[in-house]
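A.B. asks: Sharing a model that was predicted from the sequence below.
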Amino acid sequence: MTPLVDEFEDALQTVARVITNARLHERLLRSAGVRIDRAGATLLHKLMAGGDSLRITDLAELLGVDAPTVTRKVQQLEREEMIVRRIDPTDRRAVRVCLTPSGRQTIDRIRRAKRAWLENMLNVWSDEDLAMLAALLGRFADGLEHDVDGERG
C-alpha cells in the first residue's frame, strides 16, 4: 500500500499547491469581476459558510489567525461595505460580523467563477468517473475532518 499512499500524497500536494496558487486566485477574481484580496475573499467565504454572522474570535479560529488580524481585515471590508458589525443579541459585550448584500454578491460571484473553472477542468471526465471522484473525495474529506476534530476534543 505504501507506493499508492506516496502517489496519493504527491497528487494531494499538487492539488493543494494549485488550489492555493495566487495566480489562480487572481484569475478567478478577474473572471468574477471583483476586486478583493485573497484574505478578504477567504474571510467572506468563511462568514458565508458560518451562516453570514460570526464573532471575530470565531472567524479568527476558522481562519487560523489571531483576532487583531481579523479585526484589521474586518475594518477594511467594512469600509468597502461588504460586511457590518453588530452587537451580539445574546451577549451585548460581543460583536458579530455580518455579510452585507454587497458582500454576499461578491462571494457568490467568486463561487460562480470557481465553479465555471472546475466545470471547464472536468468537462472531459465521464459522469461515472466524476461520480466516483466526488464520492471518494467526499469520503476522504469526511475522514480528514473527523481526524482533525477528534484531535481538538
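C.D. replies: That came through, no problem.
A.B. asks: what comes into contact with stretch 35-51?
C.D. replies: With C-beta atoms under 8 Å, 6 or more residues apart in numbering as the test, stretch 35-51 has contacts from 22, 25, 29, 53-54, 58-59, 62-63, 70, 73-74, 76-77, 80, 82-83, 97-99, 103-104, 106-107, 110-111. Just so you know, the C-beta spots here come from the backbone N, C-alpha and C atoms, and that holds for glycine as well.
A.B. asks: rerun at 7 Å
C.D. replies: Defining contact as C-beta atoms under 7 Å, 6 or more residues apart in numbering, one finds that stretch 35-51 is touched by 22, 25, 29, 54, 58-59, 62-63, 73, 76-77, 82-83, 97, 99, 103-104, 106-107, 110.
A.B. asks: Give the next helix or strand downstream of the strand ranked longest in the chain.
C.D. replies: What stands out as the longest strand in the chain, according to DSSP state E, is strand 91-99. Next helix or strand after strand 91-99 toward the C-terminus (DSSP states H and E): helix 101-122.
A.B. asks: And the residue nearest to Asp88 when sequence neighbours are not counted, how close does it get to Arg55?
C.D. replies: Nearest residue to Asp88, sequence neighbours excluded (C-beta to C-beta, 6 or more residues apart in numbering): Ala94, at 3.9 Å. Distance, Ala94 to Arg55, using C-beta to C-beta, to the nearest Å: 6 Å.
A.B. asks: Pull up the overlap in contacts between these two.
C.D. replies: Asp88.
A.B. asks: So for the two, which residue has more residues nearby?
C.D. replies: Arg55 (17 against 13; other C-beta atoms under 10 Å).
A.B. asks: Please, where are all the helices along this structure?
C.D. replies: 2-19, 22-32, 38-49, 56-63, 67-79, 101-122, 127-152 (DSSP state H).
A.B. asks: Nearest to Pro89, out of those?
C.D. replies: helix 56-63 (15.3 Å; C-beta to C-beta).
A.B. asks: Buried subset of the contacts of stretch 35-51 as a PyMOL selection?
C.D. replies: Selection of the buried residues among the contacts of stretch 35-51 in PyMOL, burial being defined by 16 or more other C-beta atoms under 10 Å:
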select buried, resi 25+29+54+58+59+62+63+73+76+77+82+83+97+99+103+104+106+107+110
